[in-house]
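Asks: I would like the atomic coordinates for the input below:
(one chain, ligands or ions: 2)
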Amino acid sequence: MNEVVKLERHDVIGIVTVNSPPVNALSAAVRGGILECIKSAIADPEIKAIVLTCAGRTFIAGADITEFGKPPKPPGLHEVLTEMENSPKPIVAAIHGTALGGGLEVALACHFRVATKDARLGLPEVKLGLLPGAGGTQRLPRAVGPELAVKMIVAGDPIGAAEALKNGLIEDIVEGSATGGEAFARKVLAEKRPLRKLRDDNSKLAAAKADRSIFTNAVAALTKKARGLEAPFAAADAVGFAIDLPFDEGLKKERESFLKLMMGDQSKAQRYAFFSEREAAKIAGVPEGTKARNVERVAIIGAGTMGGGIAMSFVNAGIPVTLIETGEEQLKRGMGVMQKNYEATAARGGIPADAPAKRLGLITGVVGLENVRDADLIIEAVFETMAIKKEVFAAVDKYAKPGAVLASNTSYLNIDDIAKVTSRPQDVLGMHFFSPANVMKLCEIVRADKTAPDALTTAVAVARKIAKVPAVVGVCDGFVGNRMLAQRGKQAEKLLFEGALPQQVDAVVTRFGMPMGPFAMGDLAGLDIGWRSRKDRGIKSEIADALCEAGRFGQKTGKGYYKYEAGSRAPLPDPEVEKLIDETLQRLGRKRRIVTDDEILERMMYPMINEGARILEEKVAARPSDIDVIWLYGYGWPIYRGGPMFYADQVGLKHIADRLSFYAKETNDPSLEPAPLLKQLAAEGKTFASLAQTAKAA
Ligand code: 3HC
Ligand code: NAI
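Replies: Ligands and ions are numbered 1, 2, ... in the order given. Okay, the predicted model is just below:
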């Protein structure tokens, strides 16, 4: 009927097919096409039942997110769904791939639903800072009961076809969606099944109406970790409307909440994060069509903290790993850590009971670098010392097969220098994972001077395959994330010399939404590492040094910037630390002053943003959104604040530049002067986002 939706008739069955790649999102054209086809099918006297199905890789994956925040185009999704639900002829949704968000809401407005066995169904709107806005919060509880519905809507995680069948979300599992849907529609006609309109079916709401605790307990468990987010709470309330209110009233309330969230700052930030993550996988400056090399086996050198976590990430995705160590003892220790980790996850029910053995079975632990021979990708995760890295890469160069990609997990070292010791610098790059590597999603892919485009494409593709979020960066000290973090660390330390306490600084940072403040993070990582490195370089940091001299190395010694009770990781403010800071300041002849929370927030955030501007100037990151992705997935930046560069645009670059200049003078720190790019954008009244738009237009 239009270019993206068509109606065909197979004798008495009308087949409506949506074909709008890549994911059949509900754009205005798709909504219009469905409405028109459904109306025509209803009007066609030959058609007795209708099947709604999709071409391509998936059923409708949701509303078209690119339309959000723009003036709405008719027809609205509600109008389409009302037409469908009120159809006098049965409509069967035939699902394959992912029926998500508005896609599942379309299916819920049909009278019957069938799905292929690998299909996934869900309402993930909450992940975009939204709630389902087309009846999902009202129809899903009627389909599966409020307990499962609230879980699916507040957590936003989809369920598989088997679970959907068990809970009454679909009526059958079929072989192919279109053919299976058609066969099911014939069955409906043959059996003269009555039309099932979810809006009129309150049977599954009765239990929660009688005993509200079923619902409230589920909500309490689900919102426990939703600190700072608005959408999960609004979504839970909306499911409550389904229990308490007649369908039409519930629908109206759902719509109001949806619109409020959609216009709000949090959803704007979360939608930005969604597209930024996908944008980051597109590598700037690599010729279009550059193919990734084939990666079937990976070798990881070093079975320590990082090597072990990286190995787990690969075998979790089914990719076999050769894990290489210097000796049997080190190998045994590394394998033991992984085993314990998997077993703990299995005991919690996070993975099936047989998964630990299966996954560990994919890891071959060996001694000797000659064992890299079979690997298509080799990731080095040995000690952070240039001499050792060079030694390892020289040996790998000798043994690796031609075309293998050679990656270093270094946090700071220069990949160009590492590449130089090999005869194949075109194959060398950085793959900087974050700790714990089996959990953290970020992988900074470091492009060195000579890295070949297809080596880069391979690293990005592999990272996505193992469910990481890749972001390509250039060579510099600490790459993007740690380089910016260093600016925050520097200010955090300076604040102690001016009168703030660790707990005050950390509280400001966590209230902002970060999972941890700089001092709690230091305690977790271990203060002795920095202390040793300062000693090596002949640098002093009076307070941090004094802590280490007192044996306070952080969590591992039960004391650092905080104290820790035995077996606990909860940081407790320690009067001894305050005393130690006072004494240090007295010794240095410094006076404590009152530092406000506002100043702390500005000095924690703005210097990082300033460094981000320098990073963009130097082209170490191609896009501001890449920097944001790094902070969202590597450092726990709160998703509802979009990332540091997005946040900077919200605050206003002129304000940030002015405050940086102020602090540069006030604290006598020229490094705080605004970067030229920041200054320029501020003077022109522009945003960081404008850089991305200019780049796209070019
Ligand atoms: N709207 C617009 N574009 C979308 C989209 C959507 N809902 N979902 C995906 N896309 C785009 C992506 O941006 C990407 O574009 P690109 O190729 O130009 O970068 C392309 O489709 C492919 O997406 P992925 O790279 O993510 O492909 P995958 O195969 O890895 O994943 C997916 C497919 C599981 C469908 C994933 O894209 C996804 O989770 N999409 C979002 C689903 C969602 O959140 N739906 C709810 C939307 S809100 C809503 O429906 C409101 C309603 O209640 C009214
Ligand atoms: P680690 O000390 O826990 O592990 C290093 C392992 O490498 C040890 O088990 C050691 O026996 C092994 N090893 C040393 N030389 C070797 C060789 N020639 N051949 C084979 N194995 C060898 O160190 P960690 O923390 O895992 O760090 C590894 C790398 O990852 C470093 O470059 C580090 O900077 C980087 N990194 C560390 C992060 C962290 O939080 N720990 C985060 C991101 C990167």
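Asks: CA only for contacts and neighbour counts going forward, please
Replies: Will do.
Asks: Name the spans of the chain whose pLDDT lies under the cut-off.
Replies: Scanning the chain with the threshold set as pLDDT under 70 gives 694-698.
Asks: Tell me the residues of it that contact ligand 2?
Replies: Applying Cα under 6 Å from any ligand atom, we find that the chain lies next to ligand 2 at 301-307, 324-326, 330, 381-384, 392, 409-411, 432-435.
Asks: Among these, which lie within strands?
Replies: Mapping these onto strands (DSSP state E) picks out Ile301, Ile324, Glu325, His432, Phe433.
Asks: on that earlier part again, what's the ChimeraX line that selects buried ones from the residues of the chain next to ligand 2?
Replies: Written as a ChimeraX command, the selection of buried residues from those, which uses 16 or more other Cα atoms under 10 Å, is:
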select :301,302,303,304,305,306,307,324,325,330,381,382,392,409,410,411,432,433,434,435
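Asks: what's the neighbour count on whichever residue of the stretch 201-350 of the chain sits closest to ligand 1?
Replies: Using Cα to the nearest ligand atom, the single residue of the stretch 201-350 of the chain nearest to ligand 1 is Arg278, 4.9 Å away. Number of residues near Arg278 (other Cα atoms under 10 Å) recorded here: 14.
Asks: now swap in Ala347 and tell me
Replies: When counting by other Cα under 10 Å, one arrives at 12 neighbours for Ala347.
Asks: Close to ligand 1: what parts of the stretch 201-350 of the chain are there?
Replies: Of all the residues in the stretch 201-350 of the chain, those in contact range of ligand 1 (Cα under 6 Å from any ligand atom) are Phe275, Arg278, Glu279.
Asks: Now with 8 Å, please.
Replies: Taking Cα under 8 Å from any ligand atom as the criterion, the stretch 201-350 of the chain approaches ligand 1 at residues Phe274, Phe275, Arg278, Glu279, Lys282.
Asks: Give me the secondary structure label for the third one.
Replies: Put simply, Arg278 is helix when judged by DSSP: H, G, I helix; E, B strand; the rest coil.
Asks: Helix, strand or coil: sort out Met440 for me.
Replies: For Met440, the secondary-structure state derived from three-state DSSP is coil.
Asks: isn't it right up against Tyr633?
Replies: Yes. Between Met440 and Tyr633 there is a contact at 6.8 Å, judged by Cα atoms under 8 Å.
Asks: can you give me the strands in the stretch 201-350 of the chain?
Replies: With strands called from DSSP state E, counting those that start in this stretch, the stretch 201-350 of the chain shows them at 298-301, 321-325.
Asks: per-domain residue ranges of this protein.
Replies: Domain assignment for the chain by automatic domain parsing gives 5-263, 298-477, 500-587, 597-697.
Asks: how about these, which one is nearest Glu493?
Replies: Closest to Glu493 of the domains of the chain, according to Cα to Cα: domain 500-587, at 8.2 Å.
Asks: Ends of the closest one, what's the gap?
Replies: 17 Å (Cα to Cα, to the nearest Å).
Asks: Going by distance to Met84, which of the ones in strands among the residues of the chain next to ligand 2 wins?
Replies: So of these, ranked by how close each gets to Met84 (Cα to Cα), first place is Phe433, at 48.0 Å.
Asks: Verify the stated contact: the closest one with Cys443.
Replies: Yes. With contact defined as Cα under 8 Å, Phe433 reaches Cys443; the gap is 4.7 Å.
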